[in-house]
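*Asks:* build me a model from this:
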Amino acid sequence: MKKQLLMIGLIGSMAFSGASIAADAKKPLALWDCQDFLGVQESYRPIVVSYAEALNHKGKPEEAVLNVEGITTKTPLLVKHCTENPKIKLRDALVGMNKQ
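*Replies:* Numbering: from 1, shown residues only. As a prediction, this is how the structure comes out:
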């Protein structure tokens, strides 16, 4: 389990170096809109979802354990939701999906 979290962190740091092309490099993930998320390369989207899921509303890590399997099922649903609503905040889209 620790290896998975380490790999997610390592891949995530690499992802955000590539994802900065789509989203403003100075814009923290907590402030991303769905439009920013859709601008990220498709292969990096699950990593963005995992980071966004782990952050609380103050931008600090909230969860010690991340549900990796849940990320793979949640990412396509989030893409669909964000395509329909590109102006909403990414965090709000995730919260709405978690309530369903």
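
*Asks:* can you tell me what sits against stretch 92-99?
*Replies:* C34, V49, A52, E53, K74, L77, L78, H81, C82, N85 (C-beta atoms under 8 Å, 6 or more residues apart in numbering). (C-beta placed from N, C-alpha, C; glycine too.)

*Asks:* nearest to R91, of the residues you listed?
*Replies:* A52 (6.4 Å; C-beta to C-beta).

*Asks:* L78 belongs to a strand?
*Replies:* No: using DSSP: H, G, I helix; E, B strand; the rest coil, the assignment for L78 is helix, not a strand.

*Asks:* show me the contacts for it.
*Replies:* L78 touches F37, R45, V49, A93, L94, M97, counting by C-beta under 8 Å, 6+ apart.

*Asks:* on that earlier part again, from the contacts of stretch 92-99, which two are the most distant?
*Replies:* Applying C-beta to C-beta across the contacts of stretch 92-99, the maximum distance is between E53 and N85, 18.2 Å.

*Asks:* ok, the two, which is more surrounded?
*Replies:* E53 (19 against 15; other C-beta atoms under 10 Å).

*Asks:* quick one: list the elements packing against the one helix or strand the more buried one maps to.
*Replies:* Under the criterion of DSSP states H and E, E53 resides in helix 45-54. Packing contacts for helix 45-54, counted by 3 or more C-beta pairs under 8 Å, 6 or more residues apart in numbering; DSSP states H and E, involve helix 2-19, helix 68-84, helix 90-99.

*Asks:* by mean pLDDT, point me to the weakest helix or strand of this structure.
*Replies:* Ranking every helix and strand in the chain by mean pLDDT, DSSP states H and E puts helix 2-19 at the bottom, with a mean of 53.

*Asks:* that one: what's the following helix or strand?
*Replies:* helix 34-38.

*Asks:* mind exporting the C-alpha coordinates of that following helix to CSV?
*Replies:* Extracted in CSV, the C-alpha atoms of helix 34-38 (Å, rounded to 0.1, in the frame of the first residue of the first chain):
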residue,chain,number,x,y,z
CYS,A,34,-13.5,21.6,-14.9
GLN,A,35,-12.3,23.4,-18.0
ASP,A,36,-8.7,23.2,-16.6
PHE,A,37,-9.2,19.5,-15.9
LEU,A,38,-10.3,18.8,-19.4
